[in-house]
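Chemist: Let me see the structure of the following:
(2 chains)
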Amino acid sequence: MKPRSSGLVGERLRRNDLIRKVRGEVRYTDDLKLPRMLHARLLRCPHPHAKILRIDPARALASPEVAAVITGKDLPRRFGIIPWTPDEYPLALETARFVGDAVAAVAALSERAADLALRQIEVDYELLPSVKDLDEAESKTEAGLGASGRDNVSKRVDLAFGDVEAALAASDLVVEGSYTFEGTAHAPIEPHCALAQYDGDGLLTLWSTTQVPHYLHRELSRVLAVSPARIRVIQPPIGGAFGGKSEPFALEFAAAKLAMVTGRPVKLLYTREEEFYAHRGRHPMAMRYRVGARSDGSLTAVDAETRIDGGAYSSFGLVTTYYSGQLLTLPSFAPNYRFSSTRYFTNKPPCGPKRGHGSVQPRFAFECMLDRVAEKLSLDPIELRRKNAVDASSTVNGFRVTSNGYLECLARVEEASGWKERRGKLGRGRGLGVASSAYISGTNYPIYPNEMPQSAVQLKVDRSGVVTVFNGASEIGQGTDTLMATLVADELGLDLGAVRVVSADSDLCPVDLGAYSSRGTFMNGNACLAAARQIRDKLVAAVAAKLEVAPRDVFVSRGYLCAVGDERRAISVTDAIALAEARFGTLGATGWYKSPEGLGGDYRGGTIGASPAYSFTAHVAEVVVDEQTGVVRVEKVWCAHDCGRALCPTLVDGQIEGSVYMGVAEALLEEHVIDGRGLHRGPNLLDYRIPTSLDVPDIVSILVESHDPEGPLGAKEAGEGPLHSSIPAVANAIYDAVGVRLDRLPFSPGRVLAALREQGGR
Amino acid sequence: MADGSARTSYPRPTVRPSPFSPASFQAPSRTLVVDETLRDGLQSASAENPPIADKRALLHAMAAIGVDVVSIGLPAASPAAVDDAAALLREIVDRKLPLIPTAAARTMPSDVSAIAEVSQRGGAPVEVYAFIGSSPIRHYTEGWSDSFLVDHIVATGEAARREGLPFCLVTEDTTRAPPTTLGKMWSAALDVGATRLCLCDTVGHADPRGVFALVAYARDFLVARGASHVELDWHGHDDRGLALGNALAAAITGVQRVHGTALGIGERSGNVALEPLLYNLAEIGRRSPVALPALRHFSDTAARALGRKVGAFAPLVGDRSRELDRARATPAVLGGEVRAAPAVAVAVDDGVEERLPLTLRLNGERVHADVPASRTLLELLRYDLDHIGTRQGCDKGDCGACTVLVDGEPVLSCLTLAAQCDGREVDTVEGLRGPPELDPLLDAFDRCGAGQCGFCTPGMLMTAQALLAQQPRPTRDTIRMAISGNLCRCTGYGPIVSAIDLAAKIRAGEEPRGVGLPGAHVPPPLPPAKDRAR
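Modeler: Purely as a prediction, here's the structure:
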């Protein structure tokens, strides 16, 4: 066979896992079934804030079908994903802080028996004053939900760069605005599930729908007081996560403890209703902005004040609070910036990270502000963004920028949407809007301070011609397994069918910090390349010796290693592996990635939001507004995203389209409302309206490749960035269509109609 | 979480000469049938709002099968809904159709005004069916007090009286409401001159025994209040497959009107299907028989209007029934609803779960199972038969991840009882061929990036399978419509639509199979071992 020199990177390949996943040939967590397995359920508090006076499981335990009941007293150690704010117990110990806080867990012979047993557990509560929203969180200090017990503050961040007041005073124009983002849910189709086994050797194995198996491993050890050497965490394929599975949860600790107590495997699967109480959705935020500009359109200063509704616990809240300000300073920004963000506790389900952690809400506010600045100055909003594009290698808050495809993103959506010819000429009721954003490719620092690698892989090379990648990263549907296989196959000239990937098993794979902050491609990709290149060097050396040419005169093509200039002198990869194994001994390699030292600003909190590379995005949305009904239909969205380099373009498109889908859903449909009594307004997939196939726009995904110098083959993130500016693009398009500014999400028919009426009344 | 879902027990009637007919009550000799297709039926997630011409045609089809009462919509929903309802009323008046018009309203005076407008424009009175939530969970969720409900009922009833329209109070979830709450709501309605009360089982939660008790309780209430002239309606859903049995029970116990929809279309599992309801009411002597051709014409008209199709196994009106008729020249009652429902009902009614033996054909293979009566098809597949490709996403019929085919029709296996599938063909994603002759759907989904996490994909594939069996070359719009009951959270649906389109082309031979499948460069097999015996 004549060797070909084309690589796999950049080709539209198939995934390496889909068919097996959909034919039921690999097991998701709830598909696992172990001998003598028990089923567990959690008892949840029905009050927003209550002291637990007594829990009596006697009636539940009387049933022959009930194996065990545990309460907070059985797991009396605090945990929390951020090491500085551990404020949760797996099962509430003394007080329950939201409707849905877990207070006890039951293991029984069947799920139904466990469910019935929950009703037999008697709990006496003493109701405590509760806090239902941001206004109450500020005023009702007697609730004492904060760490000090004297207020309800979770975290406060005040940072200033430059002299904002002076710059605003010297501006030709200062625009002010207030914006509200109600929370939204991740709503993955797969509910959370955990399965624990405590075997005869005293080894605890936990299978879980987690996107952070390593952090889970550490927290299990802490909370259960078991050596990490006696714990194995396995993450099976995940049916969607979107940030909702990125910290340890009550179900994992409860299943593990129940397995240890009963000596039998225990599975705990959340119901769809529990998902809405226990999943840690996107934070509601109330945001006030002032933006100054000169009459030529150059921005002078940005002043932001943000109140964040954190719900009952800290979760990732410290980071959320920083991200709400820190991630705004790209891609178009001002030289002076101040933000004050305060996260409050309320007696509602705790909030955490959702795709675009902490920065989707402020991005909505800020990009709407830019549209207003452009309008006041009679500038094209794309021109305004171009004029203020940050082209320096460092942002106002001290972040290093190594590659920037922003201007190309703007140009590409401008052209593709027919912006210049069409905007403002579509007639009343139809409009175009633009917005843009930037996002991190992984956070530069691990959650717990350490000097070790953040991502790693080990390669095992078999003389049959198979390479196995033992990969710490979490495959959650985004395609890291496929990406790893592609990188290895590309480097070594292998067929994709000859690369296996084993992921996220703490006994088999090296540590990776998890699938969050869009770190997979950048960090794991680099780790994987580093390992594959060591093997490649050995294959090349062995082939060079055999062909009697210099190593630099050997190149790797699909299936063969060939002599440069004479492709007929080729040795198949399998034979090359045999030669290398004979020459160097058994082949294997490790590769890891550790981010550069010293990234970020030189101030307290200056490292939060620092990333080795940033992605850039521009959106144009086309909407139609029905002025009779207030229904907004997003017809089309053009999204140009600078992902550095598209290693697997089908996967990148999938991330862009999925992000735009999710953003448009948050713009129009989704609202995670907890009422005054702490109850969710519609904890199911009928009332919480995630889009159907009939509710989505046409999405045009445009790949921009800026080739980051530190990314793997130039690549950066694509999983979260393309969500951000889809929401303000829709808002700005609505303004273009009917002339109303919407400052509260989602843009439901009622809100649109109210705004139109107000407009008519003026 | 505490959801107050413990069963409500109704006080038994004190005087019961026959089990279901107190002495003071004169059971009606004929049961009227209310067609809710154009109101409750349209609440089905997959029903389309038909153009007005189709709605008119459906009115005529209803009249032809002897429907007595018709709901012409919920006028307060939108200006367009007022227009449609007025046009339907006009049609009834102008063409002198023997249909009593009713319209739905939330229990709010403004909704009555919308019906009054319809009545004015159409030139005939319209009965107001004002609905209000009556279950404890709803009251708890919404924060409604009894006095809040009573105030709304009184204000709405008075509005109807001012407009001169008959008023019926519809307690949405009567089977789960405490008798004390019902008493307050009914009293308020009677005080403002309600002429009827509608008893509902909108979650399909009752069994016939409960229906007997509830209707008897309501009748006793009316007699005690000296309001025997006030009539009763029954409106029940099919979540447990008991809707038909419950409606017949209501008719036997003496409600004057029972509700249903064409083909049983409605939320989740749907309402009572009018076709078997009319047939069986005739069988028990409550109505005169209905001609099957008219009944089938009605089903076909409704299916066309609502963008549905008549299921092959639908009792009386499905293709199988029609074929058998043609073969035998006698009507045949076929289909699981009629066959399976009584067995399940008996099993659940005993309080102890009976195990039911069943046989089905799973992906072409005969499977025997012995399951508790309440076992769902999803549980049977996943937990008993280890067919884990079918996924549980929401367990309440909202997400579509558990979609499988039963006799070729896509159904939600989480809402389908295993026992209902006795004798049927069930097809799951495991039945799609793997390599080397990869099924075109799997091939296309893989090639188009139509699955990411893969969790919704099996359900999506089965919906697509049913679509392509019905329409070998659907348009992209048809595909979008077909998969609209399957939620995907990863892809934004675009690649899924492309994949189904591509699969159709691969099946038609217009696109090659297996493009880009890995394997072109895997090493060759090892050479055969040397034959040492020689």
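
Chemist: number of nearby residues for residue 427?
Modeler: If you meant another chain, say so; for now it's chain A. 8 (other Cβ atoms under 10 Å in any protein chain shown). C-beta coordinates here come from the backbone N, C-alpha and C atoms, glycine included.

Chemist: you looked at the wrong chain, it should be chain B
Modeler: Considering only other Cβ under 10 Å, B:D427 is surrounded by 20 other residues.

Chemist: again, but for A:R751
Modeler: 17.

Chemist: List the buried residues of whatever helix or strand it lives in.
Modeler: Assigned by DSSP states H and E, A:R751 falls within helix A:749-761. Buried residues in helix A:749-761, counted by 16 or more other Cβ atoms under 10 Å in any protein chain shown: A:751-753, A:755-756.

Chemist: Can you lay out the residues you listed as TSV showing pLDDT and distance to A:A667?
Modeler: Output for those, formatted as TSV (pLDDT from 0 to 100; distance: Cβ to Cβ, whole Å):
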residue	pLDDT	distance to A:A667
A:R751	97	11
A:V752	97	11
A:L753	96	16
A:A755	97	14
A:L756	96	17
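
Chemist: closest to chain B among these?
Modeler: Lowest distance from chain B to the buried residues of helix A:749-761 (Cβ to the nearest Cβ) belongs to A:L753, with 11.8 Å.

Chemist: Neighbours of the spatially closest residue to the closest one that is not a sequence neighbour, how many?
Modeler: The shortest distance from A:L753 to any non-neighbouring residue, by Cβ to Cβ, 6 or more residues apart in numbering or on different chains, is to A:G630 (3.5 Å). A:G630 has 19 neighbouring residues, counting by other Cβ under 10 Å.

Chemist: Could you pull out the buried residues of the helix ranked longest in chain A?
Modeler: Looking across chain A with DSSP state H, the single longest helix is helix A:525-547. Of all the residues in helix A:525-547, those buried under the rule 16+ other Cβ under 10 Å are A:525-536, A:538-544, A:546-547.

Chemist: and what of stretch A:556-575?
Modeler: Applying 16+ other Cβ under 10 Å to stretch A:556-575 flags A:556-563, A:569-575 as buried.

Chemist: OK, contacts around B:L248?
Modeler: B:208, B:277, B:280-281, B:284 (Cβ atoms under 8 Å, 6 or more residues apart in numbering or on different chains).

Chemist: meant to ask about A:T71, not that
Modeler: Applying Cβ under 8 Å, 6+ apart, the residues near A:T71 are A:55, A:57, A:91, A:103-105.

Chemist: who in the stretch 501-650 of chain A is up against chain B?
Modeler: A:558-559, A:572-574, A:628-629, A:650 (Cβ under 8 Å from any Cβ of the partner chain).

Chemist: The same query, at a cut-off of 6 Å, please.
Modeler: With Cβ under 6 Å from any Cβ of the partner chain as the criterion, the stretch 501-650 of chain A comes near chain B at residues A:558-559, A:574, A:650.

Chemist: so the residue nearest to A:L753 sits right up against A:A755, yeah?
Modeler: No: A:G630 lies out of contact with A:A755 (Cβ atoms under 6 Å); the separation is 8.4 Å.

Chemist: Look up how far A:Q211 lies from the residue of the stretch 201-350 of chain A found nearest chain B.
Modeler: Residue nearest to chain B within the stretch 201-350 of chain A: A:G239 (2.9 Å; Cβ to the nearest Cβ). Between A:G239 and A:Q211 the computed distance is 12 Å (Cβ to Cβ, to the nearest Å).

Chemist: More neighbours: the two, which one.
Modeler: Higher neighbour count among A:G239 and A:Q211: A:G239, with 29 against 26, using other Cβ under 10 Å.

Chemist: Quick check: nearest residue in space to the more buried one, chain neighbours excluded?
Modeler: A:E190 (2.5 Å).

Chemist: helix, strand or coil for the one you found?
Modeler: Classification of A:E190 by DSSP: H, G, I helix; E, B strand; the rest coil places it in coil.

Chemist: so where's chain B shaky on pLDDT?
Modeler: Counting by pLDDT under 70, chain B has low-confidence residues at B:1-27, B:325-353, B:531-534.

Chemist: Walk me through the domains of it.
Modeler: Domain ranges of chain B: B:36-328, B:353-430, B:432-507, per automatic domain parsing.

Chemist: Does the shortest one reach chain A?
Modeler: Yes: interface with chain A: domain B:432-507 contributes B:442, B:446, B:449, B:451-458, B:480, B:483-484, B:487, B:489-494 (Cβ under 6 Å from any Cβ).

Chemist: Can you turn the buried part of the residues you listed into a ChimeraX selection?
Modeler: Remark: buried members of the residues of domain B:432-507 next to chain A, expressed as a ChimeraX selection using 16+ other Cβ under 10 Å:
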select /B:442,446,449,451,452,453,454,455,456,457,458,480,483,484,487,489,490,491,492,493,494
